[in-house]
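[1] Okay, sequence plus prediction incoming.
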Amino acid sequence: MDLERQQQRQTVGDITVPDPVICCRGVNVRYGDKPAIRDVSLDIAHHEVIAMIGPSGCGKSTLLRCLNRLNDTIPGAVVTGTITLDGQDIYDRQQDVVQLRARVGMVFQKPNPFPKSVYENVAYGPRIHGLAAGRAELDEIVQTSLQRAGLWDEVKDRLNQPGTALSGGQQQRLCIARTIAVSPEVILMDEPCSALDPIATARIEDLIDELRQNFTICIVTHSMQQAARVSQRTAYFHLGDLIEVGPTERIFTNPRHRLTEDYLTGRFG
Amino acid sequence: MNRPELQTVAASQQRVRERVGRSLRRRYRAERRFRACGLGAVLAGVLAVGGLFVSIVSTGYSVFWQTRITLDIQFVPEAVRAGDFTALVRAALRQQFPEVEGRQDLRQLYGLISDGAGYELRDRVAAEPGLSGTTAAIALLAADDVDQLRKGRSDRHAPEAERIISDRQLAWLDELDRRQRIHRQFNREFFTAGDSREPEQAGIRGALVGSFLTLLVTLLLSFPIGVAAAVYLEEFAPRNRLTDLIEVNINNLAAVPSIVFGLLGLAVFIQFFGVPRSAPLAGGLVLTLMTLPTIIIASRAAIRAVPPSIREAALGMGASPLQMVAHHVLPLALPGMLTGAIIGMARALGESAPLLMIGMVAFIADVPAGALSPATVLPVQVFLWADSPEPAFLERTSGAIIVLLVFLLLMNAAAVILRQKFERRW
Ligand SMILES: Nc1ncnc2c1ncn2[C@@H]1O[C@H](COP(=O)(O)OP(=O)(O)O)[C@@H](O)[C@H]1O
Ligand SMILES: [Mg+2]
């Protein structure tokens, strides 16, 4: 690898989009003294699926967790730079974290339904945010959320059974239903399929495609095929730097940065 | 590869096989030795516990029966009105043995029946006023020495000088037995009476109520405070020098000898705050000090055992930290916290040393009426009775220990069941 290209860490490709939901500018995150991501700038458009790929430990999860300020809970994590949601700085003092997280939902790597019933899992968000006026309205939110997550037919007869008793794939769809129950604008997904078998993975991928009509989705994935299948844009990270951004098609067929190419061709990763 | 090399490889393989074979035998021998040692240790433990139980149960089980002597009591209205029920008992005894005369002999005769028999009659008449003026066969409490003799706990064939029961008394008892006037009954009084100087009248009701009130105070104080402290320390407190210091101190507090808490309670609660001495409130406060570290440590462990994924899920849904704790962490940690509380309570139930310091060791015949009246607790009652010279109190001591052990076993069983039932639901 030639040295010049390797040290070239300026992001390649167009980071901006017309009409962005989220704009990151010069975002740095460090855990204590250890930098995790450096100077990342990236726009995320309305109703797109953007995939974040890169080798382990390159800071994909870290960036994702900045977008709903889940990093706030980690002692020692320091975030600098600006991130705006619909033009509003989410790290502003005025910004309420609770409200932000209602607008930016998250699905985690390991399915983590609450150890409560299926119904309660989905109803939890609407409850704490006071979204439903009565039981009937809550029932309806639960049903539409489960339908949108493609889980309704499988669980409609066992809404009162514990969510933890479902299969892994069903649990992850339950977590997606739980997230969309509060009608967020953005859904962050951190390797949502890495604990699932191929069939369950395929279902989630179909689901992501459907959800795109109503939500903006940022998905971190280890599978390049998955990124290629579900996303419109792809961002490639390497050791804390955003190396390359672009339309997924273009990134996969014609990567411009040497590191991206090496990763996609499996030279490391 | 050429042949000589192959040969050396084959030779070394052969050598390895032999050596492994030899060392295997040694390894198996070591293994068998180790197992025998382990088994021996377990057996020793089981034998010790078994021996303890057998000795306590064999001396204590007979407390649940009590000897009674049935006499025909003539409820003479004058005596009833005057409240002189002892006279009625004595008259009935004389009626059984009209030939007995002389103060010395009569005193021996009266000694067959407990001094408490008069009170029993009084209570009987109070409950059933129609008895006055009639004659009724009533089973009266026998004296403790008679009871011990009937239970075979004192030797009737010993020389008279070594016996508490005299030859004459023995003869009367045999006669009463022939007339079928001596019976054994379930000893209800053991559970309904307070302490007494007379072993046959002494019961554990006072100590049971005292223990209950003391533990109630302890539970009501230590559980909420302990859980709140644990939640605060685990979920909200900043990590700094001060919280580190607090943490170290809580762990140290758990190792402080319990009698020190008694001294502290005496100085702070009784002398400074003026809490009444010997009261369950004072005892409960002292035991709270002792139990708090246990509950805090168990609760913190339970909170820490709640997986981070559940916390992240709650926070990711937009729950505030307090909502996360109240809706998700606490319900999941509660079984662990309760287990800790039960174990702490079991320890508090068996504790006597700190309570001695705050005066719960006084002789108290009345069942305590509330958390402010003087009381004692089961283990202290055991201590008090064990100190008494009458042989019948030895039986009471073991009986009280059996009751204490039953409660401790029940509490520990509850903790085990709780732990098994709610183990890892995620
Ligand atoms: N809670 C944390 N505390 C300290 N360092 C962390 C923490 N989380 C992540 N890191 C570090 O930050 C870097 C980026 O991690 P992460 O964003 O999880 O990578 P990815 O998700 O791309 O695999 C890694 O070097 C990791 O060790
Ligand atoms: Mg990650």
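    Arrived safely, thanks for sending. Ligands and ions are numbered 1, 2, ... in the order given.

[2] ranges for the strands of the chain?
    No chain specified, so I'll use chain A. A:20-31, A:34-45, A:49-53, A:77-85, A:88-89, A:104-107, A:186-190, A:216-220, A:233-238, A:241-247 (DSSP state E).

[3] my bad, chain B
    Going by DSSP E, chain B shows strands at B:65-74, B:135-141, B:182-186.

[4] I'd like to know how many residues surround the spatially closest residue to B:Phe53 that is not a sequence neighbour.
    In space, not counting the residues next to it along the chain, B:Phe53 is nearest to B:Leu405; the distance is 7.9 Å by Cβ to Cβ, 6 or more residues apart in numbering or on different chains. No exception for glycine: its C-beta is placed from N, CA and C like everyone else's. By other Cβ atoms under 10 Å in any protein chain shown, the residues close to B:Leu405 number 16.

[5] okay but B:Leu405 is in contact with B:Ile56, surely?
    Yes: in this structure B:Leu405 lies within contact range of B:Ile56 using Cβ atoms under 8 Å: 7.4 Å.

[6] nearest to ligand 1, of the strands of chain B?
    Set against ligand 1 and scored by Cβ to the nearest ligand atom, the strands of chain B come closest in strand B:182-186, at 66.1 Å.

[7] In this structure A:Phe73 contacts B:Ala314, no?
    Heads up, residue A:73 is Thr, not Phe. No: A:Thr73 lies out of contact with B:Ala314 (Cβ under 8 Å); the separation is 10.7 Å.

[8] Can you name the residues of the stretch 101-250 of chain A that neighbour chain B?
    A:101-102, A:105-106, A:108, A:110, A:112-115, A:124-125, A:128-129, A:162, A:164, A:175, A:178-179, A:182 (Cβ under 8 Å from any Cβ of the partner chain).

[9] Return the members of those classed as buried.
    A:101-102, A:105-106, A:108, A:110, A:112-115, A:124-125, A:128-129, A:162, A:164, A:175, A:178-179, A:182 (16 or more other Cβ atoms under 10 Å in any protein chain shown).

[10] Let's see which of these end up in helices.
    A:Arg101, A:Ala102, A:Tyr124, A:Gly125, A:Ile128, A:His129, A:Cys175, A:Arg178, A:Thr179 (DSSP state H).

[11] So which of A:Thr73 and B:Ala314 has more stuff around it?
    More neighbours surround B:Ala314 than the other of A:Thr73 and B:Ala314, with 24 against 15 (other Cβ under 10 Å).

[12] burial measure for the residue nearest to that one when sequence neighbours are not counted, as a count.
    Nearest-residue entry for B:Ala314: B:Met324, 4.1 Å, with adjacent residues in sequence omitted and distances by Cβ to Cβ, 6+ apart. Per other Cβ under 10 Å, the neighbour tally for B:Met324 reads 22.

[13] same check, this time on A:Met189
    28.

[14] Hmm, it is touching A:Phe215, no?
    No: between A:Met189 and A:Phe215 there is no contact under Cβ under 8 Å: 10.5 Å.

[15] and B:Ile56, what does it touch?
    By Cβ atoms under 8 Å, 6 or more residues apart in numbering or on different chains, the residues touching B:Ile56 are B:Ser398, B:Ile401, B:Ile402, B:Leu405.

[16] Tell me the one among these nearest to A:His46.
    The shortest gap between A:His46 and any of those belongs to B:Leu405, at 70.9 Å (Cβ to Cβ).

[17] Return the distance of that closest one relative to chain A.
    Using Cβ to the nearest Cβ, to the nearest Å, one gets 36 Å for the distance from B:Leu405 to chain A.

[18] pLDDT score for that residue?
    Looking at B:Leu405, its pLDDT reads 93.

[19] Okay, buried residues for stretch A:230-249 please.
    So, applying 16+ other Cβ under 10 Å, buried residues of stretch A:230-249: A:230-231, A:233-246, A:248.

[20] should've said stretch B:318-326
    B:Gly318, B:Ala319, B:Ser320, B:Gln323, B:Met324, B:Val325.

[21] which one among the residues you listed gets closest to chain A?
    Chain A has its nearest neighbour among those in B:Gly318, at 3.8 Å by Cβ to the nearest Cβ.

[22] what's the nearest residue to the closest one if we skip its chain neighbours?
    B:Gly318 sits nearest to A:Arg101 (Cβ to Cβ, 6+ apart), 3.8 Å away.

[23] for the record, mean pLDDT for stretch A:235-251?
    Averaged over stretch A:235-251, pLDDT sits at 93.

[24] Kindly report the same for stretch A:166-173.
    pLDDT averaged over stretch A:166-173 gives 93.

[25] I would like the residues contacting that stretch, please.
    Contacts with stretch A:166-173, where a contact means Cβ under 8 Å, 6+ apart, come from A:107, A:111, A:113, A:118, A:149-151, A:154-155, A:163-164, A:174, A:192-193, A:195-197, A:199-201, A:203-204, A:207.

[26] The same query, at a cut-off of 10 Å, please.
    A:107-113, A:118, A:121, A:146, A:148-152, A:154-155, A:158, A:163-165, A:174, A:189, A:192-193, A:195-197, A:199-204, A:207 (Cβ atoms under 10 Å, 6 or more residues apart in numbering or on different chains).

[27] List buried residues within these.
    Buried, going by 16+ other Cβ under 10 Å: A:107-113, A:118, A:121, A:146, A:148-152, A:154-155, A:163-164, A:174, A:189, A:192-193, A:195-196, A:200-201, A:203-204, A:207, out of the contacts of stretch A:166-173.

[28] Output the below-cut-off pLDDT ranges for the stretch 151-269 of chain A.
    The stretch 151-269 of chain A contains residues with pLDDT under 70 at A:268-269.

[29] about what we covered before: go ahead and confirm the residue nearest to B:Ala314 touches B:Pro308.
    No: in this structure, B:Met324 is not within contact of B:Pro308 by Cβ atoms under 10 Å, at 11.2 Å.

[30] so what's the most centrally placed residue in chain A bridging to?
    What sits nearest the mean C-alpha location of chain A, by Cα atoms, centre = their mean, is A:Leu188, with 2.1 Å. A:Leu188 has the following beta-bridge partners by DSSP bridges: A:Met106, A:Cys218.

[31] Contacts only, for it.
    With Cβ under 10 Å, 6+ apart, A:Leu188 has these contacts: A:52, A:61, A:63-68, A:70, A:104-108, A:179, A:216-220, B:316.

[32] do A:Glu185 as well
    A:21-22, A:46-47, A:85-86, A:102-105, A:214-216.

[33] For it, give me the backbone phi and psi.
    Dihedral angles of A:Glu185 (phi, psi; degrees, to the nearest 10) stand at phi -90, psi -40.

[34] ok, so what distance separates it from A:Phe108?
    Separation of A:Glu185 from A:Phe108 (Cβ to Cβ, to the nearest Å) stands at 19 Å.

[35] B:Ile204 now?
    For B:Ile204 relative to A:Phe108 (Cβ to Cβ), the value is 56 Å.

[36] before we move on, back to that, can I get the strands of chain B in JSON lines including distance to B:Val382, mean pLDDT and mean neighbour count?
    What follows is the strands of chain B, written out as JSON lines (distance: least, Cβ to Cβ, whole Å; pLDDT from 0 to 100; neighbours: other Cβ atoms under 10 Å in any protein chain shown):
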{"stretch": "strand B:65-74", "distance to B:Val382": "19", "mean pLDDT": "92", "mean neighbour count": "20"}
{"stretch": "strand B:135-141", "distance to B:Val382": "23", "mean pLDDT": "91", "mean neighbour count": "17"}
{"stretch": "strand B:182-186", "distance to B:Val382": "22", "mean pLDDT": "92", "mean neighbour count": "14"}
